[in-house]
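> sequence below, structure please.
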Amino acid sequence: MRSDLVKNGYTRAPHRSLLRATGLKDEDFKKPFIGVANSFIEIIPGHFFLNRYAQILKDEIRRCGCIPFEFNCIGVDDGIAMGHGGMLYSLPSRELIANSVETVMNAHALDALVCMPNCDKIVPGMLMGALRVNVPTIFVSGGAMAAGVGKNGESLDLNSVFEAVGSFETGKLNESDLHAIECAACPGGGSCSGMFTANSMNTLCEAMGIALEGNGTILALTPEREELVKKAARRICEIALDERFKIRNIINEKSIKNAMIVDMAMGGSSNTILHMLAISREAGAPLDIASLNEISRTTPHICKVAPSLPSVHMQDVARAGGLSAIIKEVSALGTLETSCLGVDGKTLAGRVQNAEILDTNIIRKLDNAYSKVGGLAVLFGNLAEQGCVIKAAGIIGERRFKGRAVCFNSQDEAVAGISSGRVKKGDVVVLRYEGPKGGPGMQEMLSPTSLIVGRGLGADVALITDGRFSGATRGLSIGHVSPEAAEGGMIGLLKDGDEIEIDVDAFSINVNLSSDEIAERKKAWRYEGKEVQSRWLRQYQKLVTNASCGGVLE
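Predicted coordinates for the structure are as follows:
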């Protein structure tokens, strides 16, 4: 056992003495030691109940003859951190989480790992840390939140509240209406109810085989989710000493490709590309961002979930057959690597062989797909030589757009400009100096995109940024522009009135400027980003790469 490093032989008497102080007895030193990485934190709706799930998990692990050791990771709630300086800490928290998992697991030589994440950067952070440790690992998330219900019976979610703010500003809603939506949109614990970043990543864990069936769609705080936690506990004890289930044997080039195919079919958050770029590097199988467009070209979009379809949420996907039904339908394309092994001991083909679509209004058949191409796309051109990302599934208007730039050097500037009516129909909002370096920390920016939609401009205004979006963003919103403004990228050279052309189906984004004009602007460019006070964020800023590399630290 790996844990023999801290518990076997006479030289480890001091180590055993310390372990006895935690309650261990002679017989326990013969059992596998299981790390339980719990992201319990009281301020995040998807996490405040994870202490209870961790207790269920640990009790089951002990019943199965193993020894659990729980440790905690930090978390940032992107919705609460959004729209102010707190969001600068969100993406950097991914690195702290990864470092924490690596540190605890390797410092104590634990044999296997169960990760209990749910929201935002916590899932990819734990994945990155677990890949560094490379022991048998199972992910079991806290589960999705149920959708809210409005006064007229309509489905609500967090995005509904952000967009309601824009509607309130334009007089479409009164204060009482806004308050009612605020109170109803998030009815209880769980990760936000649509195909936002958290649920996108939790479903991708299932697609890669690192989580058990239902991880991405079973609702939080239900008996079904509790049973999933128990199943994960039993399974980790079965595989704790089996090298076939080391996480790098599960997450590899083939399963990563599977995840991206499923992501395209679901129309997941654009953040999945950022995180899968980082995760693939930790797995030793780095994704080429340009290759994602070939996956998009060959993968129909068959499941549309909020925000792309505001009336559909994760509970509906679960009722319609869950992720297994999506995978089973997509497998007919012949592009999935169905021989990939999962932590349940089954191949991908074996896991979904009995799955079926139970509601074709929620999960469509391939011949009736929402789109013949996937729900995500990577655009290239002189405005993004290293690429930029759009959640094509969330486009409201046309997939081709030409407009004049209206430039802002921060999210605060953009929010003020949009709210004051500076942005008009036909404009391209340019929101820069919000990338990994420029932010620093690459803020999620649901506020400006929601304001655009809430003000009735969702089909008539495009937005491009070197920052990123919440999975709840919809509209012609393009993020992750690389190179970013802080490193002298073209987005930092744009001026008000520049003509920008976007063609999602051609995977292109360009500014109509001559090469001579671009060269002159590059010579004249001066950094216009913000000054960073935080010592931690200054460290991050010095080490972080741009979004085309996954925003990883080098």
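> my guess is residue 455 meets residue 166, correct?
Yes. Contact criterion Cβ atoms under 8 Å: residue 455 and residue 166 qualify, at 4.9 Å. C-beta: built from backbone N, CA, C; applies to glycine.
> looking at the two, which is more packed in?
Each of residue 455 and residue 166 has its neighbours counted (other Cβ atoms under 10 Å); residue 166 has more, 24 against 19.
> confirm the more buried one sits in a strand?
No. Assigned with DSSP: H, G, I helix; E, B strand; the rest coil, residue 166 falls outside any strand and is helix.
> for the closest residue to it other than its chain neighbours, phi and psi?
In this structure, residue 166 finds its nearest non-sequential neighbour in residue 454, 1.8 Å apart by Cβ to Cβ, 6 or more residues apart in numbering. The phi/psi pair for residue 454 (degrees, to the nearest 10) reads phi -60, psi -30.
> now that residue 454 has come up, it's in contact with residue 164, right?
Yes. Between residue 454 and residue 164 there is a contact under Cβ under 8 Å: 6.8 Å.
> all helices of the stretch 151-300 of the chain, in order?
Using DSSP state H, counting those that start in this stretch, the helices of the stretch 151-300 of the chain run over 158-169, 175-184, 197-208, 223-239, 247-250, 253-266, 271-282, 292-297.
> the strand ranked longest in the chain pairs with which strands?
Longest strand in the chain, counting residues (DSSP state E): strand 400-408. Looking at strand 400-408 with DSSP bridges, its partner strands are strand 427-431 (parallel), strand 499-503 (antiparallel).
> and among these, the most buried is which?
A comparison of those by mean neighbour count, using mean count of other Cβ atoms under 10 Å, puts strand 427-431 on top with a mean of 26.
> that strand: how far from the chain's middle?
Distance of strand 427-431 from the chain centroid (Cα atoms, centre = their mean, to the nearest Å) equals 24 Å.
> residue ranges with poor pLDDT in the stretch 451-554 of the chain?
471-472 (pLDDT under 70).
> will you turn the strands paired with strand 400-408 into JSON lines that also has distance to residue 19?
Shown next, in JSON lines, are those (distance: least, Cβ to Cβ, whole Å):
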{"stretch": "strand 427-431", "distance to residue 19": "52"}
{"stretch": "strand 499-503", "distance to residue 19": "59"}
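> and residue 68, what element?
For residue 68, the host element (DSSP states H and E) is strand 67-72.
> what strands line up against that strand, and which way round?
Assessed with DSSP bridges, strand 67-72 is paired to strand 33-38 (parallel).
> next, the angle from the partner strand to helix 223-239.
150 degrees (axes from the mean of the first three to the mean of the last three Cα atoms, to 10 degrees).
> pull up the distance across stretch 62-74, start to finish.
With Cα to Cα, to the nearest Å applied, stretch 62-74 spans 25 Å between its terminal residues.
> which residues touch residue 481?
383-384, 388, 432, 435, 464-466, 489, 491, 547 (Cβ atoms under 8 Å, 6 or more residues apart in numbering).
> which one among those gets closest to residue 274?
Of all the contacts of residue 481, residue 274 sits closest to residue 547, with 5.8 Å by Cβ to Cβ.
> how many neighbouring residues does that closest one have?
Neighbours around residue 547, by other Cβ under 10 Å: 33.
> list the contacts of it.
Taking Cβ under 8 Å, 6+ apart, we find residue 547 in contact with 274, 388-389, 435-436, 442, 466, 468, 479-482, 484.
> what about it, distance to residue 540?
In this view, residue 547 and residue 540 are 14 Å apart by Cβ to Cβ, to the nearest Å.
> again with residue 211
29 Å.
> what does residue 510 give?
On the measure of Cβ to Cβ, residue 510 and residue 540 end up 31 Å apart.
> the two: who's more crowded?
Counted by other Cβ under 10 Å, residue 510 and residue 540 do not tie: residue 540 has more neighbours, with 24 against 17.
> strands of the protein, start to end?
Assigned strands in the chain, in chain order: 33-38, 67-72, 112-116, 137-139, 148-149, 155-156, 377-381, 384-390, 400-408, 427-431, 462-465, 476-482, 499-503, 508-511 (criterion: DSSP E).
> how many neighbours does residue 22 have?
Around residue 22 there are 9 other residues, counting by other Cβ under 10 Å.
> any idea how far it lies from residue 67?
Distance from residue 22 to residue 67, by Cβ to Cβ: 10 Å.
> now residue 376
Distance of residue 376 to residue 67, given as Cβ to Cβ: 42 Å.
> for residue 272, same thing?
Residue 272 is 35 Å from residue 67, by Cβ to Cβ.
> more neighbours, these two?
Using other Cβ under 10 Å, the more surrounded residue of residue 272 and residue 67 is residue 272, with 27 against 22.
> surely that one is in contact with residue 197?
Yes. Judged on Cβ under 8 Å, residue 272 makes contact with residue 197 at a distance of 7.2 Å.
> just for the chain, where's the confidence low?
In the chain (pLDDT under 70), the answer is 471-472.
> in it, which residue is most central in space?
residue 197 (3.5 Å; Cα atoms, centre = their mean).
> my read: that residue touches residue 263, true?
No. Counting by Cβ under 8 Å, residue 197 does not reach residue 263; the two are 11.5 Å apart.
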